[in-house]
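Engineer: Below are the sequence and a predicted model; questions follow.
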Amino acid sequence: MSDMNINQVLAQMRAMSLQAGGSVQETGGHTDFSALLQQSIASVNDTQQSAGKMAEAFEAGAANISLADVMVTAQKASVSFQAMLQVRNKLVEAYQDVMNMPM
């Protein structure tokens with residue numbers, strides 16, 4: 001398992017948020033982490049919903065949707081979900097590390 005720096009993960013999430021066109025809320029010069037996380041989750045959900053709709057349209061025989069488009073969209077949804085899953089795993093791991101610190 002690779003040691004991924006939380007700052008790198010946050011930077012990637014910010015980049016994904018900017019690519020998705022979402023605005024990141026800032027409080028006192030600092031990025032609101034909960035808003036950023038919610039936007040990232042919403043972006044992943046939108047990507048998965050889009051992939052599902054495109055696959056359904058292809059199965060229904062829509063003429064303007066190719067199999068290649070469906071596969072690319074499905075892979076994008078899969079990659080974004082896996083990235084979000086890794087972020088969640090790192091957050092849980094960080095939480096457990098903090099909880100296990102001696103007082």
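Structural biologist: Alright, I've got the coordinates.
Engineer: where does the chain have its least confident helix or strand?
Structural biologist: For the chain, counting by mean pLDDT, DSSP states H and E, strand 26-27 ranks last in confidence among helices and strands (a mean of 54).
Engineer: pull the longest helix from the chain.
Structural biologist: For the chain, the helix that runs over the most residues, judged by DSSP state H, is helix 67-99.
Engineer: Sort out which residues of that one are buried, please.
Structural biologist: Going by neighbour count (16 or more other CB atoms under 10 Å), the buried part of helix 67-99 is 70, 73, 74, 77, 80, 83, 84, 87, 90. To be clear about C-beta, it is placed using only N, CA and C from the backbone, and glycine gets the same treatment.
Engineer: Can you check what pLDDT the model gives the closest residue to the second one other than its chain neighbours?
Structural biologist: Read that as residue 73. Nearest-residue entry for residue 73: residue 51, 4.5 Å, with adjacent residues in sequence omitted and distances by CB to CB, 6 or more residues apart in numbering. On pLDDT, residue 51 comes in at 95.
Engineer: Same question for residue 101.
Structural biologist: So residue 101 comes in at 89 (pLDDT).
Engineer: Relative to residue 37, which of the buried residues of helix 67-99 is nearest.
Structural biologist: residue 87 (8.2 Å; CB to CB).
Engineer: do you know how far the residue nearest to residue 73 is from residue 68?
Structural biologist: 13 Å (CB to CB, to the nearest Å).
Engineer: ok, now residue 61?
Structural biologist: With CB to CB as the criterion, residue 61 and residue 68 are 16 Å apart.
Engineer: And for residue 84?
Structural biologist: Following CB to CB, the distance that separates residue 84 from residue 68 is 25 Å.
Engineer: where does the chain have low pLDDT?
Structural biologist: Within the chain, the segments meeting pLDDT under 70 span 1-10, 13, 16-30.
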